[in-house]
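Peer 1: I would like the atomic coordinates for the input below:
(chains A and B, ligands or ions: 2)
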Number of protein chains: 2
Amino acid sequence: MSAPDLLSFAKAVSSGAIRVVDLTQTLSPEFPIIALPPEFGQCAPFRLEEISRYDERGPAWYWNNFTVGEHTGTHFDAPIHWVSGKDLPNNAVDTIAPEKFIAPVCVIDCSADSTADPDFLLTVERIESWEKQHGRIEAGSWVFLRTDWSKRDYKAYANLKEDGAHTPGPAAEAVKWLVEERDVLGFGTETIGTDAGQAHLFNPPFPAHFFMHGKGRYGLQCLTNLDQLPAKGAVVVAAPLKIKQGSGSPLRVLALIASK
Amino acid sequence: MSAPDLLSFAKAVSSGAIRVVDLTQTLSPEFPIIALPPEFGQCAPFRLEEISRYDERGPAWYWNNFTVGEHTGTHFDAPIHWVSGKDLPNNAVDTIAPEKFIAPVCVIDCSADSTADPDFLLTVERIESWEKQHGRIEAGSWVFLRTDWSKRDYKAYANLKEDGAHTPGPAAEAVKWLVEERDVLGFGTETIGTDAGQAHLFNPPFPAHFFMHGKGRYGLQCLTNLDQLPAKGAVVVAAPLKIKQGSGSPLRVLALIASK
Ligand SMILES: [Mn+2]
Ligand SMILES: [Mn+2]
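Peer 2: Numbering: from 1, shown residues only, chains lettered A, B, ... in the order given. Ligands and ions are numbered 1, 2, ... in the order given. A predicted model of the protein is given here:
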């Protein structure tokens, strides 16, 4: 792409000819985080500590410190997050090639199914029927599962029952297929994780983590505004913090959509 | 911009026809942070706490919690950070329009001057001479001051003397001029802050903060790899975390450069 084309791209963003949709949930202490069984280490919720606010602690400035988990809020999963990806090259947020942070996205709308059944699972059959309508998923694309889960209140979002969370996600075979047959860049969801709420019972457990990260692919979760995306044609910008050997990070996720 | 053009853009990124340069310093406990006089509140350094690493705390997964300041490492300054911008609309990282996060950049190379004089100040005269060579700074652009400060070891990077930090930055009149006469999006530096090390003595104090944020403009600092950017023609992606009413945030900053 030529330099004038690149500047046309930037102009199209500022003029609105390319629309920028924010796919990020606001980082606040209230936003639900994943809860593991108590014998495991836990992800920290977002906590803000005010340093000064135009006061005696800093007369002209306002700023905060904060504590957060790498997997809190809208966040990115790197391959090193899972044992299946632990020995891959460039598997942490600071070593992934930065060109991976910009990629097209295919959005599979399963919002009606997920409303009907919180344990809805995305299958290969379902993806193939999506492809019949929208064309083949191209190598190097993100695949996002739209469930409208981001529209729920926090309690219904976590949807915790006595036997754990009940939230939609991908079937094991579907994740394996997306990696092996479609060579996708990664998998993204609106829910707390890339895997279904009951995925600890799957074979293998947590297949989105196992297969995606085992093959050097990425995850995005706690996404919102997926209902504003076309099934195909949008481009996602998702660049995690450059944490030294980080397994993931909260980040700003943007989607670019052409106006015509 | 049309949908095919947007997908061509994404293809150009993955093929390398657009090069993606990472302008971000790695977040690690060692990276220097700003040190204020002791009577003021202080910005937290980056601190990582391991939650589990494929062990009894989490058999299949590795992840961390971390503490950080909004102004630690390579980071974004929002208008609400400064008292001059405190009542502006959309002045926090969660309310800035997301299309502001993608914009062209002008890079003014003052690396030789800064090596010769750590208190080097960018003046209007100097910017005008840059414009004679490279053309006018267009409205809505970032202006980055290249000093090669990012190549220094940490001690020389902070460059603290008995009377405070000695690091290059913009003269007060230059910042005012960039905002009022060139309508820039913001100002970016390789140093710890957007202002010079001795800017507490300027009139007004901290003019990059005072003028930029007072007019709703942004700051970026602790940038690196500015020596890889052309003077004009690159596009910057700089999207801060969506912290509720956040004054800034660590972020990943990417530059896109056309190959021809
Ligand atoms: Mn995660
Ligand atoms: Mn700052």
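Peer 1: which SSE is the residue lying closest to residue A:7 once chain neighbours are set aside in?
Peer 2: Leaving aside its sequence neighbours, residue A:7 sits nearest to residue B:104 (C-beta to C-beta, 6 or more residues apart in numbering or on different chains; 6.1 Å). For the C-beta atoms, the positions are set from N, CA and C on the backbone; glycine is no exception. Assigned by DSSP states H and E, residue B:104 belongs to strand B:102-109.
Peer 1: counting by contacts, list what that strand packs against.
Peer 2: When contacts are defined as 3 or more C-beta pairs under 8 Å, 6 or more residues apart in numbering or on different chains; DSSP states H and E, strand B:102-109 sits against helix A:3-15, helix B:124-134, strand B:142-146, strand B:234-238.
Peer 1: give the rounded mean pLDDT of the longest one.
Peer 2: Right, the one you point to is helix A:3-15. Across helix A:3-15, pLDDT averages out at 92.
Peer 1: after that helix, next one along is what?
Peer 2: Tracing the chain C-terminally past helix A:3-15 and defining elements by DSSP H and E, one meets strand A:18-22 next.
Peer 1: distance between that following strand and the chain's centre?
Peer 2: 17 Å (C-alpha atoms, centre = their mean, to the nearest Å).
Peer 1: tell me the angle of it relative to strand B:102-109?
Peer 2: For strand A:18-22 against strand B:102-109, the angle by axes from the mean of the first three to the mean of the last three C-alpha atoms, to 10 degrees is 100 degrees.
Peer 1: could you dump strand A:18-22 to CSV, C-alpha only?
Peer 2: The C-alpha trace of strand A:18-22 is given here as CSV (Å, rounded to 0.1, in the frame of the first residue of the first chain):
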residue,chain,number,x,y,z
ILE,A,18,-14.5,4.7,8.0
ARG,A,19,-16.5,4.3,11.2
VAL,A,20,-14.6,3.4,14.4
VAL,A,21,-16.6,1.2,16.8
ASP,A,22,-15.4,0.7,20.3
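Peer 1: report whether the helix or strand harbouring residue A:211 contacts chain B.
Peer 2: Per DSSP H and E: residue A:211 is located in helix A:207-214. Yes: using C-beta under 8 Å from any C-beta of the partner chain, helix A:207-214 reaches chain B at A:209-210.
Peer 1: got the contact list for that helix?
Peer 2: Around helix A:207-214, the neighbours that count as contacts under C-beta atoms under 8 Å, 6 or more residues apart in numbering or on different chains are A:77-82, A:84-85, A:91, A:169-172, A:175-176, A:179, A:186-187, A:193-195, A:199, A:204, A:217-219, B:60-61.
Peer 1: and the next helix or strand past that helix?
Peer 2: strand A:218-221.
Peer 1: contacts only, for residue A:92.
Peer 2: Contacts of residue A:92 by C-beta under 8 Å, 6+ apart are A:78-80, A:243-247.
Peer 1: thinking again about what came up before, state the mean pLDDT of the strand holding residue B:104.
Peer 2: For strand B:102-109, the per-residue pLDDT averages 98.
Peer 1: again, but for stretch A:191-205
Peer 2: 97.
Peer 1: how long is it from one end to the other?
Peer 2: 17 Å (C-alpha to C-alpha, to the nearest Å).
Peer 1: doesn't residue B:258 make contact with residue A:5?
Peer 2: Yes: between residue A:5 and residue B:258 there is a contact at 6.9 Å, judged by C-beta atoms under 8 Å.
Peer 1: more neighbours, the two?
Peer 2: Each of residue A:5 and residue B:258 had its neighbours counted (other C-beta atoms under 10 Å in any protein chain shown), and the higher figure belongs to residue B:258 (20 against 17).
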